[in-house]
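J.: A structural model of the following input is requested.
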Amino acid sequence: MQYEAVIGLEIHAQLLTDSKMFCGCSTKFGSEPNTQTCPVCIGMPGVLPVMNKKAIEYVIKTGLAVNCNIAPYSRFARKNYFYPDLPKGYQISQYELPLCEGGYVEITDNGASKKIRLTRIHLEEDAGKNIHEGTGNYSLVDLNRAGTPLMEVVSEPDIRSPKEAVEFMKKLRIILRYIGVCDGNMEQGSLRCDANVSVRPSGQKELGVKTEIKNMNSFKFIEKAIDYEIKRQIKILNDGGRIIQETRLWDSDRGTTESMRSKEEAHDYRYFPEPDLVPVEVEQSWAEKIKAQLIELPDSRRNRFISQYGLPQSDTEILTSEMPIAEWFEKAVKLGGDPKAVSNWIMGEFMRLLNEENKQIDECALKPEQLVGLLKLIDKGIISGKIAKTVFEEMYRTGKDAGEIVKEKGLVQITDESAIEKAVDDVIAKNSKEVERFKAGDENLLGFFVGQIMKATRGKANPKIVNELLRKKLSAHTA
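T.: Numbering: from 1, shown residues only. Predicted coordinates:
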């Protein structure tokens, strides 16, 4: 029997506020354990929570960016369960009345566009962190993260493959980073994902029994875990078994999902309205004010780059993948850089150097005006494209201008035809066997000769003059 997968994601994003959701403690990552706590976030008796307005604004901003309806009235609830990293014995979350409902995120898969509908976006506080390390029959608890504002984005079961799930997650991450509400750092856990996975016979409308895969924090793990779970469920059904509704964990070392708890062991959270917090009322004027703060979003910017600058879609996908990249590119173009040339340098040498050092484009010394200066030197014939790569890397490392580097290192391109002709003659004289092969019809050797000439001139010879003289000389030899 042929089956299709039905997948829905629950994505948790820590919000970029300076303080926690219901107290003034810092949300800074990486501090010494249990140094960013107070009586409120560790649940001491008699304390009262106070809402972080900025966190509420960030959720509304996200909802507007992904086409949600903003609820004029929402409220917080207590989600009751016991776990060592939850000091109050309950989590303040939103249940029946979330801040945002509906909406969608548009993804592209194999060139086709698809809308993944959203069920809701709500706001809650994060739990602390259990640390299962070291010797001894015990675990440690760090409550620095407890109380950090956490936004949960819940999708409809519109996803049909692991690849679509990853594309949805990537697209949402880009949007969240664009609008500045989450840093999207999956390694640090500020963006993580639960996946609800089921399978059903192809063509059937009724949903199959689902399992939930918890706490995945990389695109690779999300794709592998969902793929494994789909295959596991199909095998069970083909063998005549039945799927058990349960929560599972992804074991990256073994490449399998493992059972955590069954439906019978699932928590009854006993939600009830949070008595210590007033409801949230979002007036239309407040929502409009937040909407006015939204910048041009990735899809809109990508379409504009295609129409305004004549770039291919493959270029714009990379250029709009991060807001700092898009802004860097556009500043260089406004300073006089040819759009395609700027794009090529960003996608080629620039990305290579950034990836080597695991840096973002706004963390390096190289500025848009410096790339434009380099492009002008190439256009004027002062340096060759090959030398330009050397200059570019030096610019990246030092922050110096192209002209300064060219002058310091004596990299000015050789355009004197007589000097280049001498280098051409020398190379032809030293490679008589290759000349004979060329005469016999092996025209691929032209690249070999060009390479030898550029090597002899330390990359300084004007490539156009080299090619013209080389063809002329080789043709004479052939005749």
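J.: Could you pull up the mean pLDDT of stretch 395-414?
T.: The pLDDT scores in stretch 395-414 average 84.
J.: Give me the buried positions along that stretch.
T.: Going by neighbour count (16 or more other Cβ atoms under 10 Å), the buried part of stretch 395-414 is 395, 396, 400, 401, 402, 403, 405, 406, 411, 413, 414. All C-beta spots, glycine's among them, are computed from the backbone N, C-alpha and C.
J.: swap in stretch 357-369?
T.: Using 16+ other Cβ under 10 Å as the test for burial, stretch 357-369 gives 361, 364, 366, 367, 368.
J.: Show me which helix runs longest in this structure.
T.: Longest helix in the chain by number of residues, with DSSP state H as the criterion: helix 219-238.
J.: Quick one: list the elements packing against it.
T.: The contact analysis (3 or more Cβ pairs under 8 Å, 6 or more residues apart in numbering; DSSP states H and E) places helix 219-238 against strand 3-14, helix 162-178, strand 191-201, strand 211-216, strand 246-251, strand 256-262.
J.: Run through who's touching that helix.
T.: 1, 3, 5, 7, 162-163, 165-166, 169-170, 186, 193, 195, 197-199, 208, 211, 213, 216, 242-243, 248, 250, 252, 255-257 (Cβ atoms under 8 Å, 6 or more residues apart in numbering).
J.: just stretch 366-379 next, same as before
T.: 328-329, 331-332, 335-338, 341-342, 345, 350, 383-385, 388, 391-392, 395-396, 399, 401-403, 406.
J.: again, only using 7 Å
T.: 328, 331-332, 335-338, 341-342, 345, 383, 385, 388, 391-392, 395-396, 399, 401-403, 406 (Cβ atoms under 7 Å, 6 or more residues apart in numbering).
J.: quick one: buried residues of the lowest-mean-pLDDT helix or strand in the chain?
T.: Least confident helix or strand of the chain, by mean pLDDT, DSSP states H and E, is helix 463-478 with a mean of 74. Within helix 463-478, the residues that count as buried by 16+ other Cβ under 10 Å are 465, 466, 469, 470, 473, 474.
J.: Quick check: which ranges of the stretch 251-400 of the chain have low pLDDT?
T.: Residue ranges of the stretch 251-400 of the chain with pLDDT under 70: 263-267.
J.: mind listing the helices in it by residue range?
T.: Assigned helices in the stretch 251-400 of the chain, in chain order: 284-291, 298-309, 313-319, 323-334, 339-345, 351-357, 368-379, 385-398 (criterion: DSSP state H, counting those that start in this stretch).
J.: Of those helices, which is nearest residue 137?
T.: Of all those, helix 351-357 sits nearest to residue 137, with 42.1 Å by Cβ to Cβ.
J.: quick one: that closest one to chain centroid distance?
T.: 15 Å (Cα atoms, centre = their mean, to the nearest Å).
J.: List the contacts of it.
T.: 361, 364, 393, 396.
J.: Can you get me a residue count around the third one?
T.: Neighbour count of residue 393, defined by other Cβ atoms under 10 Å: 16.
J.: again, but for residue 12
T.: 19.
J.: so who does it touch?
T.: Residues near residue 12 by Cβ under 7 Å, 6+ apart: 150, 152, 192.
J.: most surrounded residue in the residues you listed?
T.: Result: residue 150 is most packed of those (other Cβ under 10 Å), 23 neighbours.
J.: Which secondary structure elements does the host helix or strand of that residue sit against?
T.: Using DSSP states H and E, residue 150 falls within strand 149-155. Judged by 3 or more Cβ pairs under 7 Å, 6 or more residues apart in numbering; DSSP states H and E, the packing partners of strand 149-155 are strand 3-14, helix 53-65, strand 112-125.
J.: Which among the helices of the stretch 251-400 of the chain is found nearest to residue 423?
T.: Set against residue 423 and scored by Cβ to Cβ, the helices of the stretch 251-400 of the chain come closest in helix 385-398, at 14.7 Å.
J.: And for the next helix or strand after the closest one, what's in contact with it?
T.: Moving toward the C-terminus from helix 385-398, the first helix or strand encountered (DSSP H and E) is helix 402-409. Around helix 402-409, the neighbours that count as contacts under Cβ under 7 Å, 6+ apart are 370, 373, 374, 377, 382, 383, 391, 394, 395, 412.
J.: ditto for stretch 104-124
T.: 55-56, 59, 62-63, 66-68, 91-94, 98-103, 149-156, 158-159, 163-164, 167-168, 171-172, 299.
J.: What's the end-to-end length of stretch 195-213?
T.: 5 Å (Cα to Cα, to the nearest Å).
J.: Show the average pLDDT along that stretch.
T.: What stretch 195-213 shows for mean pLDDT is 95.
J.: With stretch 79-93 instead?
T.: In the prediction, stretch 79-93 has an average pLDDT of 94.
J.: Can you give me the buried ones in it?
T.: Residues of stretch 79-93 classed as buried: 79, 80, 85, 86, 87, 88, 90, 91, 92, 93 (neighbour count, 16+ other Cβ under 10 Å).
J.: just to revisit the earlier point, put together a markdown table for the contacts of residue 12, with pLDDT and distance to residue 30 on each row.
T.: As requested, the contacts of residue 12 are exported to a markdown table (pLDDT from 0 to 100; distance: Cβ to Cβ, whole Å):
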| residue | pLDDT | distance to residue 30 |
| --- | --- | --- |
| 150 | 98 | 18 |
| 152 | 98 | 24 |
| 192 | 95 | 17 |
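J.: before we move on, back to that, in strands only, show me the buried residues of stretch 79-93.
T.: Here DSSP state E is the test, and the buried residues of stretch 79-93 give 79, 80, 90, 91, 92, 93 as lying in strands.
J.: Tell me who's in contact with residue 269.
T.: Residue 269 neighbours (Cβ under 7 Å, 6+ apart): 79, 80, 81.
J.: Give me the distance between the first one and residue 52.
T.: For residue 79, the distance to residue 52 under the criterion Cβ to Cβ, to the nearest Å works out to 18 Å.
J.: Over to the last one?
T.: Distance of residue 81 to residue 52, computed by Cβ to Cβ: 23 Å.
J.: which SS state does residue 34 fall under?
T.: coil (DSSP: H, G, I helix; E, B strand; the rest coil).
J.: And the one 4 residues further on, by the same measure?
T.: Three-state call for residue 38 (three-state DSSP): coil.
J.: Mind pulling the model confidence for it?
T.: Reported pLDDT for residue 38: 97.
J.: Could you break this protein into its assigned domains?
T.: 3-289, 298-409, 417-478 (automatic domain parsing).
J.: Start and end of the second one, how far apart?
T.: Domain 298-409 stretches 41 Å from its first residue to its last (Cα to Cα).
J.: Let me know the closest of the ones in strands among the buried residues of stretch 79-93 to residue 136.
T.: residue 91 (28.4 Å).
J.: Tell me the spacing between that closest one and residue 153.
T.: The spacing between residue 91 and residue 153, counted by Cβ to Cβ, is 17 Å.
J.: likewise residue 308?
T.: Going from residue 308 to residue 153 by Cβ to Cβ gives 31 Å.
J.: Of the two, give the one with the bigger neighbour count.
T.: residue 153 (28 against 12).
J.: Would you confirm that residue 34 contacts residue 141?
T.: No. Using Cβ atoms under 7 Å, residue 34 is not in contact with residue 141; the gap is 8.0 Å.
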